[in-house]
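Asker: Provided below for reference: sequence and predicted model.
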Amino acid sequence: MSNLVPYLLTLLQEYGYPILWLSVFIGAVGIPLPNSLVLLAAGAFAALGDFNFILLAAVSTSAFIAGDNTSYWIGRRWGSRVLHWLEGRLIKPQTLVRSRVYFERLGGWAIFSSRFLVSALGGAINLLAGAEFYSYRRFLVYDTAGEIIGALLPLSLGYVFGASWDAVGDLLGSFSFFLTALLIALVMGYQTFRLFRRMRKAAAMRKRAVYDLARDVTAVLPGLSTSDAPPSSAGDLPL
């Protein structure tokens, strides 16, 4: 993926804002492109006077939102068929699994945070939101708010750090991977905890049911006390 960066930067310097919009749009639709690095470099170029920072922010934000909306409506129109075709081709199976768990558990927060915190999941979450018929109005609100940050963050870092933008890009990539793994681990841990609680509750209900049944039997059969009832863990009722 990093081999594309020099090529994209050459196109950016040659054609300017249109190539930036196209690159960001394609990446937002779900085709993996190193757009975070491109935006970091664009911010550094703006610090040198090659680009206007405000125009860069407007172009990249509009491209992000347009790409996200495109993938949302693709998911809404064709849903699971598109996801099945993309799995193993453009989206890794484990990425799709993580995205599904993250989206199903956190909904709007998953849409918002995947614009800048866990951007690797963004394309899959857009498709999932459409396939699950998630409210488009809510999707648009979360998406727009997240993409404003998602565009301004790398542009600002590139502008501030200038020539060191590539080192910042490596740091952001490592941080994003770590945060994604941490979030998935927390979600899976919480789901395991909830499953354990449900199992304990079900066991307690079974225990109570056995005790209530034994008490009802003592009311029908004189001479049988509740102390003669079987243990709650197992066993047939004595007759």
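Answerer: Received it, and whenever you're ready, just let me know what you need. Numbering: from 1, shown residues only.
Asker: Buried residues, the strand or helix carrying Tyr7. List them.
Answerer: For Tyr7, the host element (DSSP states H and E) is helix 4-15. Buried residues in helix 4-15, defined by neighbour count with 16 or more other CB atoms under 10 Å: 5, 8-9, 11-12. Any C-beta I mention is one placed from the backbone N, CA and C, and that applies to glycine too.
Asker: Check stretch 78-96 too.
Answerer: Quick answer for stretch 78-96 (16+ other CB under 10 Å): 79, 82-83, 86, 91, 95-96.
Asker: same deal with stretch 66-74?
Answerer: Of the residues in stretch 66-74, 67-72, 74 count as buried by neighbour count, 16+ other CB under 10 Å.
Asker: neighbours around Ala129, how many?
Answerer: 27 (other CB atoms under 10 Å).
Asker: which residues does it contact?
Answerer: Neighbour list for Ala129: 72, 75, 103, 111, 139 [criterion: CB atoms under 8 Å, 6 or more residues apart in numbering].
Asker: Quick one, which of the residues you listed are buried?
Answerer: Judged by 16+ other CB under 10 Å, buried ones among the contacts of Ala129: 72, 75, 103, 111, 139.
Asker: If you drop the residues flanking it in sequence, what lies closest to the last one?
Answerer: Spatial nearest neighbour of Phe139, excluding adjacent residues (CB to CB, 6 or more residues apart in numbering): Ala129 at 5.4 Å.
Asker: can you pull out the strands in this structure?
Answerer: Per DSSP state E, the chain carries no strands over any range.
Asker: Mind jotting down where the helices sit in it?
Answerer: For the chain, the helices defined by DSSP state H occupy 4-15, 17-29, 35-47, 53-78, 80-86, 93-106, 108-113, 122-131, 136-161, 165-220.
Asker: before we move on, back to that, who's in contact with the helix holding Tyr7?
Answerer: So helix 4-15 is contacted by 19-20, 23, 33-34, 37-38, 41-42, 45, 50 (CB under 8 Å, 6+ apart).
Asker: Tell me which two in those are the farthest apart.
Answerer: Leu33 and Asp50 (20.7 Å; CB to CB).
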